[in-house]
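Colleague: Task: produce atomic coordinates for the following.
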Amino acid sequence: MSKPCVPPPFDAADLTPWDAVVVGAGPAGALAARQLAMGGGRVLLVDKKKFPRWKICGACLNGQALESLCSAGLGSLVTRLGGIALEEFQVGFRGRTARLDLPSGMSLSRSRLDAALVEAATQRGARFLAETQAFVGGTRGGTRLVRLTHQGRSIEAAARVVLVATGLGTLCLPDGAGVRSRVRRGSRIGAGCMVALAPGQYAERTIYMAVGREGYVGLVRVEDGSLNVAAALEPALVRRQSAPGFAAAAILAEAGFPPIPGLDGATWRGTVGLSRQTRPLAAERLFVLGDAAGYVEPFTGEGIAWALRSAQAVTPLALRAMERWDPQFERAWIDLHRRRVGRQQLVCRALAMALRRPWMVSIGFAVLTRVPGSAGFVIARLNAPPSFTNASSSCPS
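Modeller: Model (predicted):
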């Protein structure tokens, strides 16, 4: 009997059912693939992009994110990659600036972080396919099918469980799965760029946030000295200003922050609506995690923390599903995600709503001016370590 013809970069082994196929190699997908491989699974991790790749993000990991990496055995990863410790959070609004201490956190470019997490997954035995488009199909014979396409050539792989961690983009799921991701009404869009030569007023170890009436702009220095710029913008503002760079510059000026030469000419990338809701988060032999499971506007590194936290939370359930699928796993993941991630997002959702109301921002600044320590509770809540681990004492610095 002749061997099946399998197009590169695939091989005949790819036609054997995988224990798990993870779609999307951001922090959630890469960490989940690593943990599943460590659990003994035969794991395939795929991403449509070529790695390393830059991605729109605030480039900050808060205390939750660092604690999640530590509990996964990757506590020294960010430091080894050149991450910069964060000490202060400066918020500007109508020419006033509030300075808040950060209890923990580090800045690191997503291109370096994501590539390192993918490498960590492959070192544990997961296989990684870049520049590969995945479309999740239906179920057959105790597996879920996934169509993999690379440079126009396709194969149909099968897995005992599929994890979808495709970020804010399409879920790549069939209509029959019943999973829908919807952008919340009035959602802002994300936009970002890297600035190699930025004014010295934007120092290391500080997150800067310029708040305007139609969005906000976050800025932080990363490991190579460049300035990472990430913004949440009203679509109407971008249309009026004709480009994200002009919109961001307008918000910086409104907040009273120093202008950044060349910001309007930088290479900007945008996202779909930031605030979105995905329901349900599971189907037969399928789990949705990371940003794909729902997202709200983050502020001091919460986005990466949610992604890492969801990867850790889903791992024990996915390992059980690889052994034997139980329909109760669907409800279990929905409830678990709500407890481990959904509740954490409530604080950011409330802050995002407040930032849309200038009168609330004005009151907040007045409180911060009179009682500088009043923001400590919110910052501590955003940076609180995950409740499912007590490994903080063993984390390397």
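Colleague: Quick check: the gap between the residue nearest to residue 182 when sequence neighbours are not counted and residue 289.
Modeller: Spatially, and ignoring its direct neighbours in sequence, residue 182 is nearest to residue 277 (5.7 Å; Cβ to Cβ, 6 or more residues apart in numbering). Any C-beta I mention is one placed from the backbone N, CA and C, and that applies to glycine too. Per Cβ to Cβ, to the nearest Å, residue 277 is found 14 Å from residue 289.
Colleague: and those two? which has more neighbours close in?
Modeller: residue 289 (32 against 13; other Cβ atoms under 10 Å).
Colleague: if you skip the residues just before and after it, what's nearest to the more buried one?
Modeller: Residue 289's closest residue in space is residue 310 (Cβ to Cβ, 6+ apart), at 4.2 Å.
Colleague: Look up phi and psi at that neighbour.
Modeller: Main-chain dihedrals, residue 310, degrees, to the nearest 10: phi -70, psi -40.
Colleague: Number of residues surrounding it?
Modeller: Applying other Cβ under 10 Å, I find that residue 310 has 32 neighbouring residues.
Colleague: Equivalent analysis for the one 4 residues further on, please.
Modeller: Burial of residue 314, expressed as a neighbour count using other Cβ under 10 Å, amounts to 30.
Colleague: what about it, helix or strand, and which?
Modeller: Here residue 314 sits within helix 302-323, counting by DSSP states H and E.
Colleague: and that helix, which residues are buried?
Modeller: 302-315, 317-319, 321-322 (16 or more other Cβ atoms under 10 Å).
Colleague: Equivalent analysis for stretch 68-75, please.
Modeller: Here stretch 68-75 shows 68-72, 74-75 as buried, counting by 16+ other Cβ under 10 Å.
Colleague: what mean pLDDT does it have?
Modeller: Mean pLDDT, stretch 68-75: 96.
Colleague: Pull the distance from that stretch to the chain's centre.
Modeller: 17 Å (Cα atoms, centre = their mean, to the nearest Å).
Colleague: what does stretch 304-323 give?
Modeller: Using Cα atoms, centre = their mean, the offset of stretch 304-323 from its chain centre is 15 Å.
Colleague: so for it, what's the average pLDDT?
Modeller: pLDDT averaged over stretch 304-323 gives 96.
Colleague: Over to stretch 169-186?
Modeller: 82.
Colleague: Can I get that stretch in PDB, CA atoms only?
Modeller: Output in PDB follows, covering the C-alpha atoms of stretch 169-186 (Å, rounded to 0.1, in the frame of the first residue of the first chain):
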ATOM      1  CA  GLY A 169      -9.200  37.800  15.100                       C
ATOM      2  CA  THR A 170     -11.500  35.200  13.700                       C
ATOM      3  CA  LEU A 171     -12.200  32.100  15.700                       C
ATOM      4  CA  CYS A 172     -11.700  29.900  12.600                       C
ATOM      5  CA  LEU A 173     -14.700  27.700  13.800                       C
ATOM      6  CA  PRO A 174     -17.500  26.200  11.800                       C
ATOM      7  CA  ASP A 175     -21.100  27.400  12.200                       C
ATOM      8  CA  GLY A 176     -22.000  24.100  13.700                       C
ATOM      9  CA  ALA A 177     -19.800  24.600  16.700                       C
ATOM     10  CA  GLY A 178     -22.200  27.200  18.000                       C
ATOM     11  CA  VAL A 179     -19.400  29.500  19.300                       C
ATOM     12  CA  ARG A 180     -19.800  33.200  18.500                       C
ATOM     13  CA  SER A 181     -17.500  36.200  19.300                       C
ATOM     14  CA  ARG A 182     -19.200  39.600  19.200                       C
ATOM     15  CA  VAL A 183     -17.700  43.000  19.500                       C
ATOM     16  CA  ARG A 184     -19.400  45.000  22.200                       C
ATOM     17  CA  ARG A 185     -21.400  48.000  21.100                       C
ATOM     18  CA  GLY A 186     -19.300  51.200  21.200                       C
END
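Colleague: Pull out the buried residues from that stretch.
Modeller: Under 16+ other Cβ under 10 Å, the buried positions of stretch 169-186 are 171-173, 177, 179, 181.
Colleague: which residues of the stretch 101-250 of the chain fall in helices?
Modeller: Shown for the stretch 101-250 of the chain, the helices assigned by DSSP state H, counting those that start in this stretch span residues 110-123, 235-241, 244-255.
Colleague: Can you give me the buried ones in the first one?
Modeller: Residues 110-118, 120-122 are the ones in helix 110-123 that count as buried (16+ other Cβ under 10 Å).
Colleague: Same check on the shortest one?
Modeller: Using 16+ other Cβ under 10 Å as the burial criterion, the residues of helix 235-241 that qualify are 235, 237-238, 241.
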